[in-house]
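Asks: With the sequence up front, the predicted model follows.
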Amino acid sequence: MAGFRGITAIATLIAILASVEVLAEPVRVRAASHDDFGRIVFTWGSPVGHKLNIDNSSALIRFSRPIESSYKNVVRALSKYLTKVSSGDDGRSVRFTLTGSYDVYSYDSGSNVVVEIA
C-alpha cells in the first residue's frame, strides 16, 4: 500500500510539473537599417538556440526558449524590408513578412541572435 501511495505521489507531481506553463523570457529587440541591409538583434539573458526558416514572402525564426517582446519599432525601422512582425502561437517563434524577395540569414553572438535582411 505504501508503494502505491509513493507511485501516486510521483505521478501527481509529474502531472503538476507538466502542466506548469514555462514563462516567456523578456527579450530586448532592436532594429536598424544600414546602407544595403536591415538588422534585427534579439538580446537574451543568456545564449539561446534558434533556427531560421524562409519561404517566398516571410521568414520564421524559432527559439529554443519562449520569448516575450514588442516588435512595433522593428517594422518602423525596417519598412523597406518588412510589412509585419508577429509572435508565433507557440510562444517561441517570430514571423517576419517581407516586402519582396530578400536574402535572410541569422547568427548568434553571445547572448544576441542577429537576423539580417539584404
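Replies: Ah, there it is. Numbering: from 1, shown residues only.
Asks: Bridge partners for the residue nearest to the spatial centre of the chain, pull those for me.
Replies: By C-alpha atoms, centre = their mean, the chain has its centre lying nearest to residue 93, at 3.9 Å. Under the criterion DSSP bridges, residue 93 forms beta bridges with residue 62.
Asks: Does it touch residue 60 like I think?
Replies: Yes: look at residue 93 against residue 60 with C-beta atoms under 8 Å: they come within range, at 5.7 Å. In this view, the C-beta of every residue, glycine as well, is placed from N, C-alpha and C.
Asks: Other residues contacting the helix or strand where residue 60 lies?
Replies: Residue 60 is part of strand 58-63 when elements are defined by DSSP states H and E. Surrounding strand 58-63, the residues in contact under the criterion C-beta atoms under 8 Å, 6 or more residues apart in numbering are 42, 48-54, 88, 90, 92-98, 104, 106, 113, 115, 117.
Asks: quick check, distance from it to the centre of its chain.
Replies: In terms of C-alpha atoms, centre = their mean, to the nearest Å, the centre of strand 58-63 is set 7 Å apart from its chain centre.
Asks: Let's see the distance spanning stretch 27-46 from one end to the other.
Replies: 10 Å (C-alpha to C-alpha, to the nearest Å).
Asks: CA atoms only for the strand holding residue 60, dumped as CSV, please.
Replies: Extracted in CSV, the C-alpha atoms of strand 58-63 (Å, rounded to 0.1, in the frame of the first residue of the first chain):
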residue,chain,number,x,y,z
SER,A,58,8.3,35.5,-45.0
ALA,A,59,10.9,34.4,-42.6
LEU,A,60,10.3,32.5,-39.3
ILE,A,61,12.8,32.3,-36.5
ARG,A,62,12.1,29.8,-33.8
PHE,A,63,14.0,30.0,-30.5
